[in-house]
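Visitor: got a sequence here, can you model it:
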Amino acid sequence: MSPTEKSAEGDGSPCAEAFLDILGRVPPADVEAALTASGVGPTAEAAEQVLKSPICYSRPKSAVRFFRWAKRSVQLTAYAWNLLVDILGKAAMFDPMWDAVLSMSQEGGGLLSVATFASMFASYCARGNFKEAALAFDVMERHGVPPDAVALNSLLSAMCRQDGGAQAASEAFETYKTKVAPDADTFAILLEAWEKEGNIQRAKSTFGEMIVRVGWDRSNMPAYDAFLSTLVQGGQFNEAFSFLQVMRTNGCLPGLKFFANAIDIVIRKGDHVNAIAIWQIMVSDAGLVPNLPMYNAIIALCCSVGNTDYAFHMLDEMPLNGVFADSVTYNAILEGLINQRKAREAEAFLTEMSKNEQLPSASNCAAAIRLFSEEFNPSAAVDVWHCIVLHQITPAEESAKELIAGLLNFSRFADVKKYTEEMIDMGIKFPQSTIEKFKYTFDKADRLHIYDQIARRMKRR
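Guide: From the prediction side, this is the model:
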């Protein structure tokens, strides 16, 4: 935790507000005189509130003068000292920052801590001063703070947050790992840095050393996530899958981040077999709950390769995991059934969609009408059209064309006239090819007078 993240009791106390008012409007050189003239005495709690304020971070010289003034009256806390170090570091006032550290060391009483140095590491690294951050780590023990894994991790994390800092972190790790025993977090920090840079070779090397030094640890999920994600994003999916199997054997698995990335990649590749394999590891072994977009993506993939049975299995599984299908889910399955020409299943599924208040898309409506017409089920085609009209599914032009074409093929002239007039009233315009088919079919059936009625209706629109 950085010094600025702690909350103080009595936030917004009147004396703290009075001090902040002075710091915000008085030039730094006049701050101490103005504070004394205010007649308000400082407290340790008020000093913390003042020092953690944005005003002090934006006016570091005023903050120093306030600190010096308050210290003459009260004993300031370690947190207040750490805030001062953080303020100076973030302002790149490194010499005064070290003066404050030296004073903390001389004061004793445990004022200096790993948190103090973590703040310094972050300030140096934010300016790209990686060597100075490492030098600060070197002198920790000299100031009575033995460096440990937490300190090392703070240094590496501060380096890795900056662009190009992974190399500096790697060098620091190599330098200090014989003096300070790294822990699981150490390797997770490095692996996340290699993931960010896409450095597969370094990721493999770091992962191997992690297993040797700290072994398999199921709680070290961020490290497994970062390592496998690096492989997957680098195009080494098969190797990532092999490592995943090894992890599973050792009772360790990555988190949802990796699985989401991996599933996205195999879906884009159209790799149905590996997608299901990864999915099953995620749900059954890792016990993770996929979200709706993940379900929709895997269902769409299954349907695209003709595995609608597994898609239906997943549709039934979703509510058990607290995930509820939406129109994207239903339309993916409907499209799969239509593409496989499973007319009966598509008709039944449309009924289920209606019960669940899920509407078919405009493109699926047109495709379903075409399928039902080709499979000699004009009644089902008409039912789809009724759904379009009832729920105002648009655009409806393609569905209208398909319905009329089907009804003409079945010589259902009364229905053709009925639905054509309805479509005309809806403002639908028919392509020339459909109009010509109108005329040809009615003429052939010796019912040209019906076509003439429809044609006149079209002209009036």
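
Visitor: got the buried residues for stretch 369-382?
Guide: 369, 370, 371, 372, 373, 375, 377, 378, 380, 381, 382 (16 or more other CB atoms under 10 Å). Where you see a C-beta, it was placed from the backbone N, CA and C, and this is true even at glycine.

Visitor: which element is the third one on?
Guide: I take that to be residue 371. Secondary structure from DSSP states H and E places residue 371 in helix 362-374.

Visitor: which strands and helices lie in contact with that helix?
Guide: helix 327-339, helix 343-355, helix 378-391, helix 397-409 (3 or more CB pairs under 8 Å, 6 or more residues apart in numbering; DSSP states H and E).

Visitor: if we use 6 Å, what do you get?
Guide: helix 327-339, helix 378-391, helix 397-409 (3 or more CB pairs under 6 Å, 6 or more residues apart in numbering; DSSP states H and E).

Visitor: can you count the residues close to residue 218?
Guide: The local packing of residue 218 (other CB atoms under 10 Å) involves 11 other residues.

Visitor: got the helices and strands packed on helix 362-374 as CSV, with mean pLDDT and distance to residue 33 columns?
Guide: Shown next, in CSV, are those (pLDDT from 0 to 100; distance: least, CB to CB, whole Å):
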stretch, mean pLDDT, distance to residue 33
helix 327-339, 98, 68
helix 378-391, 97, 76
helix 397-409, 94, 81
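
Visitor: can you put those helices in TSV and add distance to residue 64?
Guide: Converted to TSV, the helices and strands packed on helix 362-374 look like this (distance: least, CB to CB, whole Å):
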stretch	distance to residue 64
helix 327-339	58
helix 378-391	69
helix 397-409	73
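
Visitor: the nearest residue to residue 148 once chain neighbours are set aside and residue 252, how far apart?
Guide: Here the nearest residue to residue 148 in space, its sequence neighbours aside, is residue 180; by CB to CB, 6 or more residues apart in numbering that works out to 6.3 Å. Residue 180 is 24 Å from residue 252, where distance means CB to CB, to the nearest Å.

Visitor: how many other residues sit next to the closest residue to residue 77 other than its chain neighbours?
Guide: Counting by CB to CB, 6+ apart, the nearest residue to residue 77 once its immediate chain neighbours are dropped is residue 44, at 5.4 Å. Applying other CB under 10 Å, we find 15 other residues in the vicinity of residue 44.

Visitor: got the contact list for the nearest residue to residue 214 once chain neighbours are set aside?
Guide: Counting by CB to CB, 6+ apart, the nearest residue to residue 214 once its immediate chain neighbours are dropped is residue 184, at 5.1 Å. Each residue near residue 184 by CB atoms under 6 Å, 6 or more residues apart in numbering is listed here: 214, 217, 220.

Visitor: burial count for the last one?
Guide: Looking back up the chat, that one is residue 220. Using other CB under 10 Å, residue 220 has 20 neighbouring residues.

Visitor: check what pLDDT it gets.
Guide: On the pLDDT scale, residue 220 is placed at 95.

Visitor: same check, this time on the second one
Guide: With respect to pLDDT, residue 217 scores 94.

Visitor: mind listing what it touches?
Guide: For residue 217, the residues meeting the contact criterion (CB under 6 Å, 6+ apart) are residue 184.

Visitor: need phi/psi at it.
Guide: The phi and psi torsions at residue 217 (degrees, to the nearest 10) take the values phi -140, psi 110.

Visitor: separation between it and residue 246?
Guide: Note on residue 217: its distance to residue 246, by CB to CB, is 14 Å.

Visitor: same check on residue 359?
Guide: When CB to CB is the yardstick, residue 359 and residue 246 sit 46 Å from each other.

Visitor: between the helices and strands packed on helix 362-374, which gets nearest to residue 235?
Guide: Taking CB to CB, helix 327-339 is the member of the helices and strands packed on helix 362-374 nearest to residue 235, at 27.3 Å.

Visitor: for that closest one, packing partners?
Guide: Counting by 3+ CB pairs under 6 Å, 6+ apart, helix 327-339 packs on helix 292-304, helix 343-355, helix 362-374.

Visitor: identify all contacting residues around stretch 404-416.
Guide: 373, 378, 381, 441, 447.

Visitor: and if we set it to 8 Å?
Guide: Residues outside stretch 404-416 that contact it (CB atoms under 8 Å, 6 or more residues apart in numbering): 369-370, 372-374, 378, 381-382, 419-420, 423, 430, 434, 437-438, 441-442, 445, 447, 450.

Visitor: repeat for stretch 350-369
Guide: Stretch 350-369 is contacted from outside by 325-327, 330-331, 334-335, 338, 346, 380-381, 383-385, 387-388, 391, 393-396, 398-399, 401-403, 406, using CB under 8 Å, 6+ apart.

Visitor: follow-up on the earlier one: make sure the residue nearest to residue 77 is actually in contact with residue 74.
Guide: Yes. In this structure, residue 44 sits in contact with residue 74. The criterion is CB atoms under 8 Å, and the distance is 5.3 Å.

Visitor: contact partners for the residue positioned nearest the centre of the chain?
Guide: Nearest residue to the geometric centre of the chain (CA atoms, centre = their mean): residue 257, 8.1 Å. By CB under 8 Å, 6+ apart, residue 257 lies in contact with 225, 229.

Visitor: quick one, helices of the stretch 51-200 of the chain?
Guide: Using DSSP state H, counting those that start in this stretch, the helices found in the stretch 51-200 of the chain span residues 54-58, 60-71, 78-90, 94-107, 114-126, 130-138, 149-160, 165-176, 184-197, 200-214.

Visitor: closest one to residue 302 among the ones you listed?
Guide: helix 184-197 (29.3 Å).

Visitor: export that closest one as PDB, just CAs?
Guide: Below are the C-alpha coordinates for helix 184-197, written out as PDB (Å, rounded to 0.1, in the frame of the first residue of the first chain):
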ATOM      1  CA  ALA A 184       5.600 -16.700  -5.900                       C
ATOM      2  CA  ASP A 185       4.700 -13.000  -6.300                       C
ATOM      3  CA  THR A 186       8.200 -12.200  -7.500                       C
ATOM      4  CA  PHE A 187       7.700 -14.500 -10.500                       C
ATOM      5  CA  ALA A 188       4.200 -13.400 -11.100                       C
ATOM      6  CA  ILE A 189       5.400  -9.800 -11.500                       C
ATOM      7  CA  LEU A 190       8.100 -10.900 -14.000                       C
ATOM      8  CA  LEU A 191       5.800 -13.100 -16.000                       C
ATOM      9  CA  GLU A 192       3.300 -10.300 -16.200                       C
ATOM     10  CA  ALA A 193       6.000  -8.100 -17.500                       C
ATOM     11  CA  TRP A 194       7.000 -10.600 -20.200                       C
ATOM     12  CA  GLU A 195       3.400 -11.000 -21.200                       C
ATOM     13  CA  LYS A 196       3.100  -7.200 -21.600                       C
ATOM     14  CA  GLU A 197       6.200  -7.200 -23.900                       C
END
